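# this one's sequence-less:
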């Protein structure tokens with residue numbers, strides 16, 4: 001476990017981490033300089049503990065916000081203010097060169113985006129005042145309130161997505177990953193929130209049995225080809241689904257598997273299912289049900305690490321045991337706050353939030369289960385693998 005503390009470098013500024021690797025950390029920093037609001041894209045070298053400026057810009061439009069997408073050699077930045085105009089910037093990590101800077105005009109207002117690779121970004125737009133009639137006509141025809149389009153940085157144009165399964169998604173439900181050297185796309189199609197799905201089950205007499213959570217897979221190459229060809233049904237592979245009487249939610253991924261939490265409403269039974277990235281073979285890998293003789297406890301899913309923990313609240317602390325991809329069996333004091341994650345089956349990270357009438361303070365603690373030693377920090381914190389970044 002390694003703690004990387006960059007607080008002395010990024011004081012008095014607004015910081016967003018972009019990516020963390022064994023050798024570098026990339027982040028964006030917004031701050032006021034000489035009366036101007038500036039955006040810096042920076043690299044932190046973990047070996048030398050030195051910071052390098054990749055690029056910096058004056059932010060002349062304070063209403064715009066940035067979305068960052070990290071790739072091995074470049075960073076894509078989408079800048080938007082919810083309107084019809086979006087800026088798309090591609091930065092070379094090594095040189096800071098602007099490989100592309102595009103001003104894109106859409107029908108409707110910006111709703112969300114997802115970069116599928118270094119060249120292609122999927123944008124979603126929704127009704128705005130200027131294009132209200134077009135969207136209402138579109139909604140009458142499709143039942144959807146948003147439009148999806150694919151922008152190509154090399155061709156400098158976008159094409160609309162015709163597959164309504166994709167148009168109806170939230171951008172975060174499109175998850176690119178690699179398997180066997182091939183770029184893949186995990187597509188999640190949940191029916192609302194967990195509460196909304198259970199409401200459908202309880203009211204199935206009137207709502208029927210056609211309410212589904214569905215998981216699809218597709219290669220990025222075939223996905224892009226299908227959109228360019230204007231296909232109304234892209235070549236998606238249906239790998240998992242849950243009808244009205246069940247629930248299916250993504251629970252993270254590791255090098256070998258995609259993980260999903262499945263729940264059967266009639267009995268309350270919950271399990272973790274794994275889908276092999278290589279073969280798409282499915283297996284139940286964890287049971288999330290308490291035995292009759294067990295005391296009260298809950299299950300915590302760390303999606304970033306693809307781990308599941310059983311959390312038992314005791315009088316003065318918490319007992320943490322591993323349920324998936326971890327063998328931890330440890331206790332930590334309640335005063336450290338809520339469980340966040342556990343690294344190397346030894347180091348527990350916990351969060352405690354304290355508020356008064358004017359401010360909120362967030363404390364993160366790293367607790368060594370073997371030695372009982374702890375270190376607490378008042379700051380922001382991100383855990384990636386076995387690295388804790390403080391900023």
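Sure, I can see it. Fair warning: this is a prediction, and the values are worked out from it, not measured in the lab.

# what's the span of stretch 216-236 from first residue to last?
With Cα to Cα, to the nearest Å as the measure, stretch 216-236 spans 6 Å from end to end.

# residues of it that come out buried?
Along stretch 216-236, these residues count as buried under the neighbour rule (16 or more other Cβ atoms under 10 Å): 216, 217, 218, 220, 222, 223, 224, 226, 227, 234, 236. Every C-beta, even on glycine, is put in place using the N, C-alpha and C of the backbone.

# List the buried residues for stretch 164-173?
For stretch 164-173, the neighbour count (16+ other Cβ under 10 Å) marks 166, 167, 168, 169, 171, 173 as buried.

# what's the closest residue to residue 284 other than its chain neighbours in contact with, if anything?
Among residues not flanking residue 284 along the chain, residue 271 sits closest, at 5.1 Å (Cβ to Cβ, 6 or more residues apart in numbering). Residue 271 makes contacts with 261, 262, 284, 286, 287, 288, 289, as judged by Cβ atoms under 8 Å, 6 or more residues apart in numbering.

# before we move on, back to that, closest one of the buried residues of stretch 216-236 to residue 387?
Residue 387 has its nearest neighbour among the buried residues of stretch 216-236 in residue 220, at 27.8 Å by Cβ to Cβ.

# just checking, the closest one touches residue 185?
Yes. When contacts are counted by Cβ atoms under 8 Å, residue 220 is listed as touching residue 185 (5.3 Å).

# Name the residues contacting each of the two.
Residues touching both residue 220 and residue 185 (Cβ under 8 Å, 6+ apart) are 116, 176.

# before we move on, back to that, remind me which helix or strand the residue nearest to residue 284 belongs to.
Residue 271 belongs to strand 269-276 when assigned by DSSP states H and E.

# Now the element after that strand, going C-ward?
strand 282-287.

# Contacts for the helix ranked longest in the chain, please.
When the chain is parsed with DSSP state H, its longest helix is helix 132-142. Helix 132-142 is contacted from outside by 107, 108, 126, 127, 128, 144, 145, 147, 164, 167, using Cβ under 8 Å, 6+ apart.

# Nearest residue to residue 346 in space, please, no chain neighbours.
Nearest to residue 346 is residue 369, by Cβ to Cβ, 6+ apart, at 5.3 Å.

# From residue 9, how far off is residue 128?
Applying Cβ to Cβ, to the nearest Å, the value for residue 128 to residue 9 is 39 Å.

# in the longest helix of the chain, what's buried?
Neighbour counts over helix 132-142 (16+ other Cβ under 10 Å) mark 135, 138 as buried.

# what's the offset of that helix from the middle of its chain?
Put simply, helix 132-142 sits 30 Å off its chain's centre (Cα atoms, centre = their mean, to the nearest Å).

# Next: stretch 316-329.
Worked out by Cα atoms, centre = their mean, stretch 316-329 lies 24 Å from the chain centre.

# Next, the distance between the ends of it.
Stretch 316-329 stretches 17 Å from its first residue to its last (Cα to Cα).
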